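**Q** Below: sequence and its predicted model.
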Amino acid sequence: MREILKLVSQEELGRKLQHLRKARGLTQQEVADRLAIARTTLTAIEKGERLIRPDELMDLSKLYNESVNRLLRQDVNAEPFVVQFRAALAQTDESDLEQSIQEFQKLCEDYQYLEKITETPLSVKYPIEYEIRNLDPIRRAEDIASLERNRLGLGDSVITNLKNLLENEIGIRIFGMPLPSRIAGLFAFTEEFGACIATNTKHPNDRQLMSSIHEYAHFLTTRSKADIVILRTNPRMSAIERFADAFARYFLMPSSDLQRRFHEIKNLKDGNVTAADLLALADFYSVSFQALILRLEELRLLRSGTWDRLKNEDFQVRKAQEILGIRSKIGSSQYELPYRYRALAVQAYNSGDISEGQLARLLRTDRVRAREIVEKFISRYTISDDGETFPIVFDSLSQPIAEVLQAVSGRE
Amino acid sequence: MTEPTAIIDACSLINFYASTFLESILKNSPLRFYIVEQVKNESLYIRKPDESERGFDYEPINLDQYLKSNLLKLVKLEAESEKNLFINLADQLDDGEAATLAIAISRKMRVITDDKKAIRILRQDFLSVHYSMTLDIIKEWSDKNFIENDELKKALNNILIRANYLPPKKHHLFNWWKSILESG
């Protein structure tokens, strides 16, 4: 068996340990005291000048709450995201945000690790950066949204799976992860990972969708600058933030398509468009009711101030959605990892390249839920009597036991 | 004469716990069972159908009673050579799996694991280490203790549903497992 500590790059391991120490706000002296070693020893380890001993690595792994397996993994040597976010971090007082940014980077590293072991690099087709300086941000947002929709072959159609679209067509990694409540999204761009977006899974799906496109707007215009979307009650936004917000509205609800659908409803209802119609329309575009109303106000299809009036009259959006049977997915504290990320993790696990413990850690879940994710990817195809082919997705709870047994008979 | 010992990895421990027969399995075996502290500290869950029977509730595994009664014993990496082995294994496995294998190799214990990668490492580099999988232990337990078919079926069904464990088709006990679950 290989003597791994003699084989790994001590400089790289030392740098990793130094980042972890700093991320936890510990001094070299504090760490040295806890490990009962001299500060100079820790300095030498962090500089890669001294071979780390097994027990020292185990102690540091415990102290920094990082698995030995991950410490030994040879990831790309990227600059910590926190450095990129320094300017953006200075504008917020969210205490847990730095930790979230580190977790965001870990997700990117894990994604790249999976791509490496499965030999499946992400295909990247980045468009050129659009110029927006010294231009009207709102008008420019509409122009660029239209250009991007055309470039992606969307025309005016409704977007059904934005995350897959941005990942598969452009090569942007989009993670859903729990972030501090006031933070809607994060955007980072590095040479090593490319464009990466994180949205807050504590927020409803429609809000997350808006945040993804807001960050996509940053990617299209100012990709070298890391961004944090903060929910503000009284916004005095910069031109770039106003551009990004407007871009998201135009991208999700193209003017011509929205106008056409609105007039269709109006004609059908003899001019009486109801709140129920608009709730259904918002659901159709996968946007919040508020976003739709404001967009309709912007297009002068609704009177200016409609949203404020509804708010003042205490219009209960959630209740109205419930009555209409519209299911707005509320937020949770779970991770929503990209489909491709999960598929690569399952592929690596099934081929024995990673263990179950590694799989669960990569999927940010426990082992039984990780097994469920694996099962979801094991689908077999069957042909019905009329010749139609359809997948059998294995579900051990809802299927009778005989079917389960029949389905697993084909498994390796 | 010292009793033969076995060290259980997290993936198999979940299965035994989910069977609802963990106590009986631990008590009525010629083996003395151990787990490493990394496995104890890992957040392990099992599931059970929720009230609607359309989804699941997840409950954390609590090993306290088994550890208190010494049916399961906690074991730590100790010797320098053991720690060194752990580090070398942790390059390829998660920490709990690496610690389990390191102790089994160093102390000549039987490993109980269903993990494909862990088994591959044992087969490649540590041929002298004996390993068993969940179904080996369940069959051994049922044979030696004359467990009624209904009870055995219940245990296997619980493992399937509550731990979502399916043996690989190539498992030498796959047909046995299938026949028990299909039995009337």
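**A** On my side now, so go ahead.
**Q** Show the model's pLDDT score for the closest residue to residue A:138 other than its chain neighbours.
**A** Distances taken as C-beta to C-beta, 6 or more residues apart in numbering or on different chains place residue A:246 nearest to residue A:138, at 4.8 Å, with adjacent residues excluded. Quick note: C-beta positions are derived from backbone N, CA and C, even for glycine. You'll see residue A:246 listed with a pLDDT of 92.
**Q** Residue A:246 looks like it's in a helix, true?
**A** Yes: secondary structure of residue A:246 (DSSP: H, G, I helix; E, B strand; the rest coil): part of a helix.
**Q** can you tell me how far it sits from chain B?
**A** If you measure residue A:246 against chain B using C-beta to the nearest C-beta, to the nearest Å, the figure is 40 Å.
**Q** Closest residue of chain A to chain B?
**A** Residue nearest to chain B within chain A (C-beta to the nearest C-beta): residue A:357, separated by 2.8 Å.
**Q** looking at this, that residue is in a strand?
**A** No: checked against three-state DSSP, residue A:357 lies outside a strand; its state is helix.
**Q** Please verify my assumption that residue B:167 contacts residue B:175.
**A** No: if you go by C-beta atoms under 8 Å, residue B:167 and residue B:175 don't touch, sitting 10.1 Å apart.
**Q** number of nearby residues for whichever residue of chain B sits closest to chain A?
**A** With C-beta to the nearest C-beta as the measure, residue B:94 is the residue of chain B nearest to chain A, at 2.8 Å. Number of residues near residue B:94 (other C-beta atoms under 10 Å in any protein chain shown) recorded here: 31.
**Q** in terms of contact, does it touch residue A:67 like I think?
**A** Yes: contact criterion C-beta under 8 Å: residue B:94 and residue A:67 qualify, at 6.5 Å.
**Q** shared neighbours of those two, anything?
**A** Listed as contacting both residue B:94 and residue A:67 by C-beta atoms under 8 Å, 6 or more residues apart in numbering or on different chains are residue A:361.
**Q** follow-up on the earlier one: might you report the residue contacts of the residue nearest to residue A:138?
**A** So residue A:246 contacts A:137, A:138, A:141, A:142 (C-beta under 8 Å, 6+ apart).
**Q** At which residues are the strands of chain B located?
**A** Counting by DSSP state E, chain B has strands at residues B:5-8, B:32-36, B:45-49, B:56-60, B:72-75, B:110-112, B:131-132.
**Q** which stretches of chain A have low pLDDT?
**A** A:232-235, A:328-329, A:379-412 (pLDDT under 70).
**Q** how is it carved up into domains?
**A** Partitioning chain A according to automatic domain parsing yields domains covering residues A:1-74, A:79-252, A:255-324, A:339-411.
**Q** First-to-last residue distance for the shortest one?
**A** From the first residue to the last, domain A:255-324 extends over 26 Å; the measure is C-alpha to C-alpha, to the nearest Å.
**Q** again with the second one
**A** As for domain A:79-252, its first-to-last residue distance stands at 33 Å under the measure C-alpha to C-alpha.
**Q** do the first one as well
**A** Domain A:1-74 stretches 18 Å from its first residue to its last (C-alpha to C-alpha).
**Q** From residue A:363, how far off is the residue of chain A closest to chain B?
**A** 11 Å (C-beta to C-beta, to the nearest Å).
**Q** ok, these two, which is more surrounded?
**A** residue A:357 (28 against 22).
**Q** Report the contact partners of that one.
**A** A:367, B:10, B:11, B:42, B:93, B:94, B:95, B:96, B:97, B:115.
**Q** Lowest mean pLDDT among the helices and strands of chain B, which one is it?
**A** Using mean pLDDT, DSSP states H and E, strand B:45-49 stands out as the lowest-scoring helix or strand of chain B, at a mean of 91.
**Q** mind listing what that one pairs with, with the direction of each?
**A** Using DSSP bridges, the strands paired with strand B:45-49 are strand B:56-60 (antiparallel).
**Q** what about residue B:167 and residue B:175, which has more around it?
**A** residue B:167 (22 against 11).
**Q** what would the contacts of residue A:357 look like in CSV with distance to residue A:74?
**A** Output for those, formatted as CSV (distance: C-beta to C-beta, whole Å):
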residue, distance to residue A:74
A:367, 25
B:10, 25
B:11, 26
B:42, 24
B:93, 16
B:94, 16
B:95, 17
B:96, 21
B:97, 19
B:115, 22
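**Q** In terms of helix, strand or coil, where does the most centrally placed residue in chain A fall?
**A** For chain A, the residue nearest the mean C-alpha position is residue A:175 (1.9 Å; C-alpha atoms, centre = their mean). Using three-state DSSP, the structure places residue A:175 in strand.
**Q** wouldn't it be in contact with residue A:196 here?
**A** Yes: the pair residue A:175 / residue A:196 is scored as a contact, 7.4 Å apart, by C-beta under 8 Å.
**Q** Now list whatever residues contact both of these two.
**A** Going by C-beta under 8 Å, 6+ apart, residues that sit against residue A:175 and also against residue A:196 are A:104, A:107.
**Q** quick one: low-confidence parts of chain B?
**A** Using pLDDT under 70, the flagged stretches of chain B are B:1.
**Q** Centroid-wise, who is the farthest residue in it?
**A** Outermost in chain B, C-alpha atoms, centre = their mean: residue B:52 at 30.0 Å.
**Q** so what's the backbone phi/psi at that one?
**A** Residue B:52 adopts backbone torsions of phi -70, psi -20, taken as degrees, to the nearest 10.
**Q** Pull out the buried residues from stretch A:228-247.
**A** Neighbour-count burial for stretch A:228-247 flags A:228, A:229, A:230, A:240, A:241, A:243, A:244, A:245, A:246, A:247 (criterion: 16 or more other C-beta atoms under 10 Å in any protein chain shown).
**Q** Leaving out chain neighbours, which residue sits closest to residue B:174?
**A** residue B:167 (5.4 Å).
**Q** What residues does the one you found make contact with?
**A** By C-beta under 8 Å, 6+ apart, the neighbours of residue B:167 are B:114, B:133, B:134, B:135, B:173, B:174, B:177.
**Q** So it versus residue B:159, what's the distance?
**A** 9 Å.
**Q** what residues are shared contacts of those two?
**A** In contact with both residue B:167 and residue B:159: residue B:134, using C-beta under 8 Å, 6+ apart.
**Q** Buried residues, stretch A:69-88. List them.
**A** A:69, A:70, A:71, A:72, A:73, A:75, A:78, A:81, A:82, A:84, A:85, A:88.
**Q** The host helix or strand of residue A:69 and chain B, are they touching?
**A** Assigned by DSSP states H and E, residue A:69 belongs to helix A:68-72. Yes: counting by C-beta under 8 Å from any C-beta of the partner chain, chain B is contacted by helix A:68-72 at A:68, A:69, A:72.
**Q** Spatially, what comes nearest to the first one if we skip its sequence neighbours?
**A** What that stands for is residue A:68. According to C-beta to C-beta, 6+ apart, the nearest residue to residue A:68 is residue B:90 (4.1 Å).
**Q** Reduced to three states, what does residue A:157 come out as?
**A** coil.
**Q** Grab the nearest non-local neighbour of it.
**A** Nearest non-adjacent residue to residue A:157 (C-beta to C-beta, 6+ apart): residue A:257, at 7.7 Å.
**Q** Identify the residues contacting that neighbour.
**A** For residue A:257, counting by C-beta under 8 Å, 6+ apart, the contacting residues are A:156, A:157, A:158.
**Q** No more questions from me, cheers.
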